[in-house]
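*Asks:* Fold the following.
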Amino acid sequence: MSVLSTYSDLFLRAFGTTIQLFLFSAVGSLVLGTFLAMLRVSPVPVFRAAGAVYVTLVRNTPLTLVFFFFAFAYPLLKMLRLEPFQGAVVALTLYTSAFICEVVRSGINTVPVGQAEASRALGLTFGQMLFNVVLPQALRTVVPPLVSTLIALLKNTTIAAGFSVSDAGSISYVLSEEGANMLVGLSWVAFFFVLLVIPLTLVQRALEKRWSVAR
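*Replies:* Numbering: from 1, shown residues only. The predicted structure is shown next:
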């Protein structure tokens, strides 16, 4: 407890940053990932190809490399200036959205084709069919993998510590410099990450119970 009490401010600030980083990235990933999934199932070949190229490229790129791009290569483009935290949010969003896309797409593929055909027969556009008929059903079938992807995102936020973001991953650096007990400190970090994951798991179970799909 001595490490936790001595560095309580450090833990509060670091995990506060981690939670913010996770929330912003999660929202961005869900929005962009759903949009990419729409591209992947679009009737327009160019859109399908664009979505496939993005997902294939990002999923096969190490997340650390994405962070390196925004830390060192992006500033050379002299575009909109990003603070380290903002760059971390963008990096995590772009990376995680590729995985969200595949999860949502797999859910879309579980919806019977007949429903899409019936929607077209009723005169619904592709967008109306997706938002009003397909996506509501698709999301109900992919709750477990969707939450698992978000849990992975939460853990991936620690990479931001290596790129000037003072989140939970940076606690080890401070404890090392201060000569504190690293084993105890990192044990507390792991414990608090477990506490952050528990609400996500509870949400998953609640949604599964509410949106149970008859098989």
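*Asks:* Every contact and neighbour count from this point should use C-alpha atoms.
*Replies:* Noted.
*Asks:* which helices and strands does the helix or strand hosting Q204 pack with?
*Replies:* Using DSSP states H and E, Q204 falls within helix 182-210. When contacts are defined as 3 or more Cα pairs under 8 Å, 6 or more residues apart in numbering; DSSP states H and E, helix 182-210 packs onto helix 2-6, helix 143-156, helix 171-178.
*Asks:* can you list the ones you listed in CSV and add mean pLDDT?
*Replies:* Compiled in CSV, these are given as follows (pLDDT from 0 to 100):
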stretch, mean pLDDT
helix 2-6, 77
helix 143-156, 91
helix 171-178, 76
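*Asks:* Just name the most buried of these.
*Replies:* Across those, the average number of neighbours (mean count of other Cα atoms under 10 Å) peaks for helix 143-156, which reaches a mean of 18.
*Asks:* And that one, what does it pack against?
*Replies:* Taking 3+ Cα pairs under 8 Å, 6+ apart as contact, the helices and strands that helix 143-156 lies on are helix 8-40, helix 84-110, helix 182-210.
*Asks:* lowest-confidence stretch among the ones you listed?
*Replies:* Within the helices and strands packed on helix 143-156, the stretch with the lowest mean pLDDT is helix 182-210, showing a mean of 85.
*Asks:* buried set for that helix?
*Replies:* Residues of helix 182-210 classed as buried: M182, G185, L186, W188, V189, F193, L196, V197, Q204, R205, E208 (neighbour count, 16 or more other Cα atoms under 10 Å).
*Asks:* tell me the contacts of V31?
*Replies:* By Cα atoms under 8 Å, 6 or more residues apart in numbering, the contact set of V31 is S97.
*Asks:* And V147, by the same measure?
*Replies:* With contact set as Cα under 8 Å, 6+ apart, V147 has these partners: L200, T201, Q204.
*Asks:* The second one: what's it in contact with?
*Replies:* T201 is in contact with V147, counting by Cα under 8 Å, 6+ apart.
*Asks:* For whichever strand or helix holds R140, list every residue counted as buried.
*Replies:* The secondary structure element spanning R140 is helix 135-141 (assigned by DSSP H and E). Using 16+ other Cα under 10 Å as the burial criterion, the residues of helix 135-141 that qualify are L135, Q137, A138, L139, R140, T141.
*Asks:* G28 and A160: what is the separation?
*Replies:* 17 Å (Cα to Cα, to the nearest Å).
*Asks:* no, scratch that, I was asking about F35
*Replies:* Following Cα to Cα, the distance that separates F35 from A160 is 25 Å.
*Asks:* circling back: remind me what the helix holding R140 packs against, helices and strands.
*Replies:* The contact analysis (3+ Cα pairs under 8 Å, 6+ apart) places helix 135-141 against helix 84-110.
*Asks:* now the helix it packs on against helix 8-40, angle please.
*Replies:* Computed with axes from the mean of the first three to the mean of the last three Cα atoms, to 10 degrees, the direction of helix 84-110 lies at 40 degrees from that of helix 8-40.
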